[in-house]
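K.L.:
with the sequence up front, the predicted model follows.
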Amino acid sequence: MTSAADLEGLVARLVAAHRPASTPRPAFLRAQYDAGLAWVAKPVGRGGLGLTVADQATVDRALHAAGAPDNDPAANSIGLGMAAPTLLRYGTTDQVDRFLRPLWTGEEIWCQLFSEPGAGSDLANVATTAVLDGDTWVVDGQKVWTSGAQNAAFAILVARTDPGAFKHAGLTYFICPMDDPGVEVRPLRQITGEAEFNEVFLTGVRIPDELRLGAVGQGWEVATATLNNERVAIGGGESRRESGMIGVVADTWRRHPDRRRPVLHDRLLRLWVDAEVARLASDRVRRRAADVAPGPGDSAAKVTFARIAQQLTSLEVELLGSEGMRYDDWTMRRPERVSFTGRGPGYRYLRAKGNSIEGGTSEVLLNLIAERVLGLPAEHRPDKGAPWNETAR
């Protein structure tokens, strides 16, 4: 059993050999990965030590105290939360060796090419095709709602490789190089004024078969595993009490005693309790994810996150009155990350509308929970019992 003192000793040795003040950030992060201190719950040789998620907090505290840089996880959330666990589960040794370390250090950003104009919640209806030409797949199609595509080096991609098979069975999963000349990224401006998402056009994109993740036709299984990990990443993050949006709204309440009303106080207290229950449940999901592969039950964390975020941002605007109706900046941007607390209440209110769509619509996830967790009767399906399609961003 590794104690906190043992972990602090490992951090001390890392910092002594690679002083944060004089070591370039990428070099320090590579050394941290090689020392198994990147994500300690992952396997030895894969940036971890085979320990628990709880041990990561000890490592992070020691690194922070030493002035070590972090890997800016918000800038590569899809890579860290979705691509990495999928690589570890389905990737070959060569694929994991090639991609995992630069993914964790942030030297290579990843995006997700799942959703299409005609295949959002109905993901298994993907129309993008991949045709084998020798040992290379030629990909043609269009993807949409792709976060961070403008900065990505690689994408996780689902494409149809067998048009004659039933839709779930005809999919295959790939790693797509985003610098291929056939990849075109166009910004999508949202209601917030920003272009956080993109549409991506794929024209004759050539992907070597060695970048196929899983077997041909196994794409639905691999994609489902990725989506389960996404929901843990969205709804199962580590946080402290009264952090995030509940902290913002509680602070607004304290700063504006003139806006207080009994009915608003009741709403705030109910949401505070909901947020605290969700935080504790998410912490359990996060700790459990190190030992058990995410499943349909973990979708509950994402559904809850979306509901509470929308209710809290609405309450904040109501508390602020006319001040809450002002918008801070409509400038067209292509941000690298989403920061609810870094913008004004108008932005938070509008951006939260997407929380119940991205990462799986709440309606689809509630169906998933009802059928696969609670065991409620399934709706009629023409495919004789295949699981309902799931959405992605």
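P.N.:
On my side now, so go ahead. Residues are numbered from 1 along each chain as shown.
K.L.:
which stretches in this protein count as strands?
P.N.:
For the chain, the strands defined by DSSP state E occupy 110-113, 129-133, 136-143, 154-160, 171-177, 183-188, 197-208.
K.L.:
tell me which residues of stretch 82-101 are tucked away?
P.N.:
Judged by neighbour count (16 or more other CB atoms under 10 Å), stretch 82-101 contains these buried residues: 82-88, 90-91, 95-96, 98-101. Placement of C-beta: from N, CA and C, glycine included.
K.L.:
which of the residues you listed lies closest to Leu157?
P.N.:
Nearest to Leu157, judged by CB to CB, of those is Ala83 at 10.8 Å.
K.L.:
where's the residue nearest to the closest one when sequence neighbours are not counted relative to Ala12, distance?
P.N.:
Of all residues beyond its chain neighbours, the one nearest Ala83 is Trp110 (4.6 Å), with distances taken as CB to CB, 6 or more residues apart in numbering. Trp110 sits 32 Å away from Ala12, going by CB to CB, to the nearest Å.
K.L.:
those two: which has the busier surroundings?
P.N.:
Per other CB atoms under 10 Å, whichever of Trp110 and Ala12 has more neighbours is Trp110, with 27 against 12.
K.L.:
for that one, what are its contacts?
P.N.:
By CB atoms under 8 Å, 6 or more residues apart in numbering, Trp110 lies in contact with 76, 78-79, 82-83, 103, 148, 152-156.
K.L.:
ok, those residues vs Arg61, which is closest?
P.N.:
When the contacts of Trp110 are ranked by distance to Arg61 (CB to CB), Asn76 comes first, at 22.1 Å.
K.L.:
and the gap between the closest one and Trp104?
P.N.:
Counting by CB to CB, the separation of Asn76 from Trp104 is 8 Å.
K.L.:
my guess is Glu194 contacts Ser339. True?
P.N.:
No: checked against CB atoms under 8 Å, the pair Glu194 and Ser339 is beyond contact range at 11.0 Å.
K.L.:
just to revisit the earlier point, in helices only, show me the contacts of Trp110.
P.N.:
Secondary structure from DSSP state H places 78, 103 of the contacts of Trp110 in helices.
K.L.:
closest one of the contacts of Trp110 to Pro208?
P.N.:
The nearest one, if we look at those relative to Pro208 and count by CB to CB, is Phe154, at 12.7 Å.
K.L.:
burial measure for that closest one, as a count.
P.N.:
Other residues lying near Phe154 total 21 when counted by other CB under 10 Å.
K.L.:
for the stretch 251-393 of the chain, which segments count as helices?
P.N.:
For the stretch 251-393 of the chain, the helices defined by DSSP state H, counting those that start in this stretch cover 262-288, 299-320, 345-351, 362-368.
K.L.:
just put those in CSV and tack on mean pLDDT.
P.N.:
CSV is the format used below for the helices of the stretch 251-393 of the chain (pLDDT from 0 to 100):
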stretch, mean pLDDT
helix 262-288, 88
helix 299-320, 91
helix 345-351, 94
helix 362-368, 83
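K.L.:
and those as CSV, adding distance to His256 and mean neighbour count?
P.N.:
CSV is the format used below for those (distance: least, CB to CB, whole Å; neighbours: other CB atoms under 10 Å):
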stretch, distance to His256, mean neighbour count
helix 262-288, 10, 15
helix 299-320, 6, 22
helix 345-351, 12, 22
helix 362-368, 31, 19
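K.L.:
so can I have CSV of those showing distance to Thr2?
P.N.:
Supplementary listing: these in CSV, determined by distance: least, CB to CB, whole Å:
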stretch, distance to Thr2
helix 262-288, 16
helix 299-320, 28
helix 345-351, 40
helix 362-368, 36
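K.L.:
figure out which of these is closest to Ala57.
P.N.:
When the helices of the stretch 251-393 of the chain are ranked by distance to Ala57, counting by CB to CB, first place goes to helix 262-288 at 10.5 Å.
K.L.:
on that earlier part again, so which of the strands of the chain comes closest to Ala378?
P.N.:
Set against Ala378 and scored by CB to CB, those come closest in strand 171-177, at 21.4 Å.
K.L.:
what about that closest one, distance to the chain center?
P.N.:
For strand 171-177, the distance between its averaged C-alpha position and the chain's averaged C-alpha position is 18 Å (CA atoms, centre = their mean, to the nearest Å).
K.L.:
equivalent analysis for stretch 365-381, please.
P.N.:
For stretch 365-381, the distance between its averaged C-alpha position and the chain's averaged C-alpha position is 24 Å (CA atoms, centre = their mean).
K.L.:
just the buried positions in it, please.
P.N.:
365, 367-372.
K.L.:
returning to that earlier point: could I get the strands of the chain as JSON lines with mean pLDDT and distance to Thr304?
P.N.:
Conversion of these to JSON lines gives the following (pLDDT from 0 to 100; distance: least, CB to CB, whole Å):
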{"stretch": "strand 110-113", "mean pLDDT": "96", "distance to Thr304": "22"}
{"stretch": "strand 129-133", "mean pLDDT": "98", "distance to Thr304": "36"}
{"stretch": "strand 136-143", "mean pLDDT": "98", "distance to Thr304": "28"}
{"stretch": "strand 154-160", "mean pLDDT": "98", "distance to Thr304": "25"}
{"stretch": "strand 171-177", "mean pLDDT": "98", "distance to Thr304": "28"}
{"stretch": "strand 183-188", "mean pLDDT": "97", "distance to Thr304": "27"}
{"stretch": "strand 197-208", "mean pLDDT": "97", "distance to Thr304": "23"}
